[in-house]
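Colleague: Can you look at this prediction? I've put the sequence above it.
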Amino acid sequence: MKHAPLALAVLVWQTTPLAAFATQPLSPTNIFAPVSTPADSIFELSLFVLAVTTGIFVTVFGLLVFAVVKFRREKNDDGSEPPQVYGSYEVELAWTIIPVLIVVALFLATARVIASVQHPAKPRDALDVVVIGHQYWWEYRYPAFNVVTANELHVPVSDPAHPTPTFLTLLSADTDHSFWVPRLAGKTDLIPNHPNSMWIDPHETGLYLGQCAQYCGTQHAKMLLRVYVDSRADFDRWIEAQRRPAQVTDAASRGRQLFESTACVNCHAVGGTTADGRFGPDLTHFMSRDTIASGAARNTTENLRLWLRDPDALKPGSLMPAMNLSDADINAVADYLESLH
């Protein structure tokens, strides 16, 4: 929408409190600072709609003020009824045609954005990622690289001159979820037995935060999203590291034995071991992640041990059970997990 209405929208927007808000230090979830093509299209549409509705408001309010001032009661008014006007063909025609034209313009602008967001052309070198929503965490699968990870999505930055977008196939393992990273794209639902899709085309590297935007249970609020937009070189290095088998030090061997002899293996997978669970996150490269519990806590030694001892202490209502391990066993399992780079 690089046209006159957009220029008008920007002018109007710059005179509103929204402009002041957007010039403040950027929030990771600031919808007024898009860095991806779909989010930018939605943002520009919102500016256009804001300009149109502001124009309507100013016009109606101005006419109302004009009528109040011009036809106010004068001091010498004798109270007689003023001349009555029973209709104007021209005025009635105007207030019928003008709203119709406004609605048509809004419809066409919205349809254009919907078509560009929902039915984009897919370049040959686009990245495909399968996103699976679970209660209450995210699973990410990169089919082209045979990589599986959880909760922290890594994608390469896209050069506007030669776009390399990321296409996401959205699936749900249980109930309804919704994938929403405000600075990258609009939200899209994940519905059981109904594959959905969306795409992002980030133009700046960095960390972008999001949220499951569909109430999916008691831990919906802590089903957080972290999208890392890497340079192409950094993304390639990350993929290469994720494809390598997990390396376990001798010092962590006891923890591995405990991990593989308890119910941990029923839910979690670790590449190259007997652990092949699918109900919880894949832990093959657990220490490559900045957070645990789907972004609820930093991935630190203290938080990891607390998570193993009492998951509800970090994430009340979590579906991960407390394993009732001794302190020595918790330390051993934590040492094992911390060796999974």
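Modeller: Yes, it's here.

Colleague: Off-centre distance for stretch 163-171?
Modeller: On the basis of CA atoms, centre = their mean, to the nearest Å, stretch 163-171 sits 13 Å off its chain's mean C-alpha point.

Colleague: list the buried ones in that stretch?
Modeller: Neighbour-count burial for stretch 163-171 flags 164-171 (criterion: 16 or more other CB atoms under 10 Å). For glycine as for every other residue, the C-beta is placed from the backbone atoms N, C-alpha and C.

Colleague: Residues in contact with it: which ones?
Modeller: With contact meaning CB atoms under 8 Å, 6 or more residues apart in numbering, stretch 163-171 is reached by 37, 120, 122-123, 125-133, 155-156, 158, 179, 188-190, 195-202.

Colleague: Which pLDDT value goes with the residue nearest to residue 222 when sequence neighbours are not counted?
Modeller: Distances taken as CB to CB, 6 or more residues apart in numbering place residue 296 nearest to residue 222, at 4.7 Å, with adjacent residues excluded. On the pLDDT scale, residue 296 is placed at 91.

Colleague: Look up phi and psi at residue 296.
Modeller: phi -70, psi -20 (degrees, to the nearest 10).

Colleague: swap in the one 10 residues further on?
Modeller: Torsion angles at residue 306 (phi, psi; degrees, to the nearest 10) stand at phi -70, psi -40.

Colleague: Quick one: residues contacting it.
Modeller: When contacts are counted by CB under 8 Å, 6+ apart, residue 306 touches 313-314.

Colleague: Run a quick neighbour tally on residue 34.
Modeller: 20 (other CB atoms under 10 Å).

Colleague: And it, how close does it get to residue 179?
Modeller: Residue 34 sits 16 Å away from residue 179, going by CB to CB, to the nearest Å.

Colleague: Could you measure from the residue of the chain most remote from its centre over to residue 70?
Modeller: The C-alpha centroid of the chain is most remote from residue 78, which lies 65.0 Å away (CA atoms, centre = their mean). The gap separating residue 78 from residue 70 is 19 Å, by CB to CB.

Colleague: and what of residue 215?
Modeller: For residue 215, the distance to residue 70 (CB to CB) stands at 52 Å.

Colleague: same deal with residue 281?
Modeller: From residue 281 to residue 70 the distance is 69 Å (CB to CB).

Colleague: In terms of neighbours, single out the busier of the two.
Modeller: residue 281 (25 against 7).

Colleague: what's around the nearest residue to the more buried one once chain neighbours are set aside, how many residues?
Modeller: Of all residues not flanking residue 281 in the chain, residue 150 sits nearest, at 3.3 Å (CB to CB, 6+ apart). A count of neighbours around residue 150, defined by other CB under 10 Å, yields 23.
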